Every structure is written in structure tokens, then in C-alpha cells.
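Asks: Got a sequence here, can you model it:
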Amino acid sequence: MRVEHDEEAFRSPRRGDSEWLRGTRITGVLGLFYRPEGRMGEPEAVEFLLSDGQSVLLTCASDGTLHVGPGTWPQLPDWCVPAGQWGFSALPHLPEPPSGGWTVTRTEERRDERGEVHEAVIRCEGGRFVVIGGDTVVIRFTRGHRGAEAVT
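Replies: A predicted model of the protein is given here:
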């Protein structure tokens, strides 16, 4: 896995090779929610849990770009302040991972006219995750090669 592990990598969009998860196994996907009044709406970030114990965090910036960096699972990222008002939660509209997880076959970063990442596509055996930056993070999973919406 080629995820940058320094603080600056998290604060700025990734540059270079977008094949940052190829060959890894995703064993879980969690949303990170700001919830002073309970879990509502879309997550502020999405964390992909990997079979080797690492994780990858995708979050949006104030300009709507999508940032990709190392995750901190099971700890909250440092920017979750106050920590008591943040939490990870399962995303009920995503399917449960298959036994052993999803094997990533390819990743893509879609960029805007300024070259900033605004969408990440993580293709796996049997489907793909699409993560879109904005005011919050939007994530969806489609099955198969035709892109049919997942049935949950």
C-alpha cells in the first residue's frame, strides 16, 4: 500500500500515482460523524479498514475537495474536537464485506479543473466504492461491471 504517512499528506490532496490501494483487502467501511445531537446526515469522513490493520481516511475540505490519508482507526483523527461529539458508525446503505474482505483491483482519483481530487473510485472484486467530496462525504457502492446500485 502506498499511502503517505505524514501530516502534510493528509492536509493536501495526494499527488502522483492514484493506485494507492491496489491489491489490499478492505475488511470494513465506517463513517465518521459529528454528532452533538445524534447521528444524522452524511459522514464528515469515511474510513476504510484494511486487512493488515491499517486504515485509509477520506475526508472533505472546506473547498469541497477530497483528501486521502492514513487513518487512525480505532482512534479518532486529531481534528475531531471535542472528541466526545464525534464517532465512527456503520453505513447501513453499504453491503457487508464478503468473507475475507473486498480485494481492491484498481483505484482512480477524479480531479477538477484545478487538479484537486473531488472523487475517488475504489474498484473491488464484485463492485466499486465511489467517494465524493463536498460539504460532507458521500459514499455509494455499486455491484458488478454495469454499475447497478447495491441492494442492501
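
Asks: in stretch 133-141, what's buried?
Replies: The neighbour-count check on stretch 133-141 (16 or more other C-beta atoms under 10 Å) flags G133, T136, V137, I139, F141 as buried. For the C-beta atoms, the positions are set from N, CA and C on the backbone; glycine is no exception.

Asks: can you give me the end-to-end distance of that stretch?
Replies: Start and end residues of stretch 133-141 are separated by 15 Å (C-alpha to C-alpha, to the nearest Å).

Asks: The protein: strands as residue ranges?
Replies: Ranges of strands within the chain are 25-34, 45-50, 55-60, 66-70, 86-90, 102-111, 117-124, 127-132, 138-143, 148-149, based on DSSP state E.

Asks: okay but E19 is in contact with T105, surely?
Replies: No. Checked against C-beta atoms under 8 Å, the pair E19 and T105 is beyond contact range at 10.0 Å.

Asks: Give the residues shared as contacts by the two.
Replies: The overlap between the contact sets of E19 and T105 (C-beta atoms under 8 Å, 6 or more residues apart in numbering) is empty.
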